[in-house]
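**Q** build the 3D model from these lines:
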Amino acid sequence: MKDNNYLKFPSVIRDKLCNGEFAFPAHTQFAYDPILAYRGIRRDEDDFTAVSRKDFESHAERKIRRRGINQKDPHYFGVSLFLHKESLENALNLPRPNKKIAVGNVYAEAGPAEVNESTGHVCWWLYDKVDINGFSICER
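**A** Sure, this is the predicted structure:
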């Protein structure tokens with residue numbers, strides 16, 4: 001990745017890229033076709049507000065520091081999605097009243113991604129100001 005692309009990322013990634021403290025995993029894709037994926041988002045049971053960039057903040061952007069989350073792991077700076085709705089439901093123990101499922105396309109113009117076909121997991125490192133209006137809340 002060229003240095004001028006570093007500026008596209010939120011500061012939590014950009015600063016680490018510039019300082020050499022961050023490297024994308026070996027299988028990260030920077031050019032790829034759109035990938036249909038599912039993401040768990042927080043919503044009250046009766047809240048169907050449109051999906052926003054805030055729903056796609058990484059643990060690093062939210063400054064979440066939980067036991068078991070390695071803050072040096074590049075995945076800490078990415079957004080977790082799944083290729084299959086059932087995989088997401090199993091991972092998050094859904095249904096739950098404070099969670100909903102967003103569905104849409106992961107796309108290269110919004111940031112690089114790593115797809116693990118065997119687990120169905122997608123890690124997406126989003127650029128700072130991207131449009132995710134293509135994502136919507138799944139109806140049950």
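**Q** residue ranges with poor pLDDT in this protein?
**A** Along the chain, the model assigns pLDDT under 70 to residues 1-4, 66-70, 139-140.
**Q** for the residue nearest to R53 when sequence neighbours are not counted, phi and psi?
**A** Spatially, and ignoring its direct neighbours in sequence, R53 is nearest to I132 (5.9 Å; C-beta to C-beta, 6 or more residues apart in numbering). Where C-beta positions appear, they are placed from N, C-alpha and C, glycine not excepted. With angles defined as degrees, to the nearest 10, I132 sits at phi -120, psi 30.
**Q** distance of the residue of the chain most remote from its centre relative to P97?
**A** Most distant residue from the mean C-alpha position of the chain: D46, 24.0 Å away (C-alpha atoms, centre = their mean). Per C-beta to C-beta, to the nearest Å, D46 is found 9 Å from P97.
**Q** now do S87
**A** 21 Å.
**Q** neighbour count for these two, which is higher?
**A** S87 (15 against 9; other C-beta atoms under 10 Å).
**Q** hmm, that one is touching G120, no?
**A** Yes. Using C-beta atoms under 8 Å, S87 is in contact with G120, at 4.4 Å.
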